[in-house]
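**Q** when you get a sec, could you give me coordinates for this:
(chains A and B)
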2 protein chains.
Amino acid sequence: MKLTNALKSAWSKAAVFTEFGEPSSVLKFRNVKLGPVPNNKVLVKMLVAPINPSDVNQVQGVYPIKKISQKITLSDNSVIDGYIGGNEGVGQVIQVGSDVKSAINGQIKVGDYVIPMSTGSVGTWANSTIADPSSLVVFDSSISSKLSPEQIGSVKVNASTSYRMLRDIVHLDKGDYVVQNGANSSVGQILIQLAKLYGYKTINVIREGPNFESNKQHLLSLGADIVIKDSDLLNKDMMKSIKDTAASENKLIKLGVNCVCGKASVLMAKLLSNGGHFVTYGAMAKQPMSIPAALFIFKNITFKGYWVSSWYSSTNHSQWFDMWNELFDLYANNKLVEQKMVPIPITPFDSANNAPQNLGIGPTEVDPADDLIIQNTFAQNAKKSYFKFY
Amino acid sequence: MKLTNALKSAWSKAAVFTEFGEPSSVLKFRNVKLGPVPNNKVLVKMLVAPINPSDVNQVQGVYPIKKISQKITLSDNSVIDGYIGGNEGVGQVIQVGSDVKSAINGQIKVGDYVIPMSTGSVGTWANSTIADPSSLVVFDSSISSKLSPEQIGSVKVNASTSYRMLRDIVHLDKGDYVVQNGANSSVGQILIQLAKLYGYKTINVIREGPNFESNKQHLLSLGADIVIKDSDLLNKDMMKSIKDTAASENKLIKLGVNCVCGKASVLMAKLLSNGGHFVTYGAMAKQPMSIPAALFIFKNITFKGYWVSSWYSSTNHSQWFDMWNELFDLYANNKLVEQKMVPIPITPFDSANNAPQNLGIGPTEVDPADDLIIQNTFAQNAKKSYFKFY
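**A** Numbering: from 1, shown residues only, chains lettered A, B, ... in the order given. Okay, here's the model as predicted:
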């Protein structure tokens, strides 16, 4: 089905930045003129766009993968060089250009759910976007009818990272231990649940702080076997007791999963059994890891990285769906619970007339109410959030 | 053949230490009473015993694998707790106990060349030793007749480490690059030659200093493709030019080989192509490696260790000989040249009567001449040396 009444011009309310810095300072919602939808493109109304640590690092300018600067036309027809934040999310197709043949995985039509796969310049923190269909994966109603937009919109990065790290780093046997830090993150919470489903045990390191006990209880309720504070890594008796427990079960602490780096991560690596693997997918401490040679030579620990974007680049959509369908089934059967994210509801500027034809038409100037939303969303220690456009 | 006239008591001139410290201070040649050869043991006259960096670290007490302390009887029948240095070497069997069945790889007889495989308490820096045949590999005359004791006696650690690191870390294609530091070491020199034979190219990092040019010329003569100073790793233009050269040949810098650690090693790791492997087999700088997360996550570099002892433990003698026979053939056909080691000739105390029956009989007291040998051998920046007992 194609719309006969193509939009003369599409608009988007988008989180734009023109310089690197703290998102609470440099990120502003602007009314962006997308223009008419080209014949070879599709117009997508975003539904859900998560705010991942890597997205924040990208706005700060400290992420190695930079967004490509684009010309952004505002509603007064002024043009600025800038970026639209965000790399993950799900949207719904509202218009398909007349020459469009297919998305990555087949036909694309109005009403389909799509997730953008490119890591290029298009940002997902926008209530609509014009996209190249060759960068979109389409989900038909058999999937979108049984899952929430939040579940579909967060599968690409976090859930898939957890899933793959349990498979692609080292062969795990039932009963083997996985030790991870940042265990309270989205990746961490999914990993705990998947490990439990597959029969692996998890040792989970989280930050000290007033919420330690409640976070610990939450992770235990998801299936965590052991939950410790980061300072516990300095407690030699406790570390020995954890090693002894695994040894008494004749099991290995075979995989370390790290999103922190710095000293505490090296202490965590020392928990691994000889021959273990240690995978780094993040660096929240913004510190390198100072690894003593003995961990390489005598403990024979292999240190690797994991970046799920690189996995997507080297595989095809049938492999993506092998993974996603398994995750979606687990969601649909309530065997897997996504991390509860705080929704940040974003309304079009023209909230009185929220029809697709009028997407986001509104003031060029920054709205003080939106400034407040940005500031609250990106406040330090903000809870895991996502922009909710529906 | 077994000796009918078994020795009443065997003696050994051995490099003994009783406390950890600099070898030039703590290591002394002592006349050690081995006693009668038990029926289940063999008496071995050592021929060649290399002095490896790990042996020196063991005397210093900074090597994670400690020697096991043993009771050492001196010629005045006093008994001390101590260690005999050295872990590598080749010797010749001079007496076989009456109950001895076989060595690791088959029959053992007087005259056979043997190398000790255990990493236990027996030290090779001794002109004779009583050994458990189950810890010895026997080389028959088909091997010992065509090779020097130096070639046989140094195959276990250095040559085998080079050989295995080119095979066991990552698949290399002809034309791929290997970058290594400490390239002037025994391992480094063998690696250059093996890489050349297998069709890989090498980028070799060596220390600055007055001998840089002559060392560089020597490595080039062995087949090195590129030889640079460690400070060149800071030269961005030069690093870019090396990367560009590999790229222009459509080849990858796929393997990094590190025996230094510290900052310079991390700079070397940055030379690797995306997806490269970096293997650490030594830590001469005695510093950890401070690895930024981006090398793991975005450059997808895998960091591992290599310890050839661990390979021997997990394989059997037929696999050892697959490797050694290949190396021995290369030596015998002059396709592979071992690093020239400086021989430190060690004569028995009773040098006038160098018959096996009188091995090492001499003074209990330390000989000032021997003290001088030890001091010169272990002086800082001493050239690669070995004890020569024949």
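
**Q** surely A:Ile373 is in a helix?
**A** Yes: if the criterion is DSSP: H, G, I helix; E, B strand; the rest coil, then A:Ile373 is within a helix.

**Q** enumerate the residues of the stretch 251-390 of chain A near chain B.
**A** A:261, A:279-283, A:288-307, A:310 (CB under 8 Å from any CB of the partner chain). Every C-beta, even on glycine, is put in place using the N, C-alpha and C of the backbone.

**Q** restricted to helices, list these.
**A** Under the assignment DSSP state H, those contribute A:293-297, A:310 to helices.

**Q** tell me the one of those nearest A:Ser241?
**A** A:Leu295 (20.9 Å; CB to CB).

**Q** you'd agree the closest one is up against B:Gly305?
**A** Yes: judged on CB atoms under 8 Å, A:Leu295 makes contact with B:Gly305 at a distance of 7.4 Å.

**Q** list residues touching both of the two?
**A** The contact sets of A:Leu295 and B:Gly305 overlap at A:Ile301 (CB atoms under 8 Å, 6 or more residues apart in numbering or on different chains).

**Q** can you show me the helices along chain A?
**A** A:23-26, A:53-60, A:141-144, A:149-153, A:160-168, A:186-198, A:212-222, A:236-248, A:263-269, A:293-297, A:308-313, A:317-332, A:368-377.

**Q** which strands and helices lie in contact with the helix or strand bottoming out on mean pLDDT in chain A?
**A** Scoring the helices and strands of chain A by mean pLDDT, DSSP states H and E places helix A:368-377 at the bottom, with a mean of 85. Contact analysis of helix A:368-377 by 3 or more CB pairs under 8 Å, 6 or more residues apart in numbering or on different chains; DSSP states H and E lists helix A:23-26, strand A:28-35 as its packing neighbours.

**Q** which of the ones in helices among the residues of the stretch 251-390 of chain A next to chain B tops the neighbour count?
**A** Greatest neighbour count in these, by other CB atoms under 10 Å in any protein chain shown, goes to A:Phe296: 27 neighbours.

**Q** name the nearest residue to it, ignoring sequence neighbours.
**A** B:Gly305 (3.0 Å; CB to CB, 6 or more residues apart in numbering or on different chains).

**Q** ditto for A:Pro50
**A** Closest to A:Pro50 by CB to CB, 6+ apart is A:Tyr386, at 4.3 Å.

**Q** wait, isn't the one you found in contact with A:Pro149?
**A** No: look at A:Tyr386 against A:Pro149 with CB under 8 Å: they stay out of range, at 9.6 Å.

**Q** give me the more crowded residue out of these two.
**A** Neighbours were counted for A:Tyr386 and for A:Pro149 using other CB under 10 Å; A:Tyr386 has more, 25 against 21.

**Q** the more buried one pairs with what?
**A** Applying DSSP bridges to A:Tyr386 gives these bridge partners: A:Pro50, A:Pro343.

**Q** what's it in contact with, if anything?
**A** Taking CB under 8 Å, 6+ apart, one finds A:48-51, A:89, A:150, A:153-154, A:341-344 in contact with A:Tyr386.

**Q** pick out the most distant pair among these.
**A** Those two in the contacts of A:Tyr386 that are separated most widely, counting by CB to CB, are A:Gly89 and A:Val342, at 15.5 Å.

**Q** any idea how far the residue at the greatest distance from the centre of chain A is from chain B?
**A** Here chain A reaches farthest from its C-alpha mean at A:Ser248, the gap being 37.1 Å by CA atoms, centre = their mean. Noted for A:Ser248: a distance of 24 Å to chain B, by CB to the nearest CB, to the nearest Å.

**Q** likewise for A:Val257?
**A** For A:Val257 relative to chain B (CB to the nearest CB), the value is 12 Å.

**Q** ok, now which ones touch that residue?
**A** Contacts of A:Val257 by CB under 8 Å, 6+ apart are A:165, A:178-181, A:188, A:191, A:279, A:281.

**Q** one more: A:Leu222?
**A** A:189, A:192-193, A:196, A:337.

**Q** where does chain A dip in pLDDT?
**A** By pLDDT under 70, the weakly predicted segments of chain A are A:1-8, A:119-121, A:349-366, A:380-382.

**Q** picking up where we left off before, among the helices and strands packed on helix A:368-377, which is the most enclosed?
**A** Highest mean neighbour count among the helices and strands packed on helix A:368-377 (mean count of other CB atoms under 10 Å in any protein chain shown): strand A:28-35, with a mean of 22.

**Q** fine by me, we can end here.
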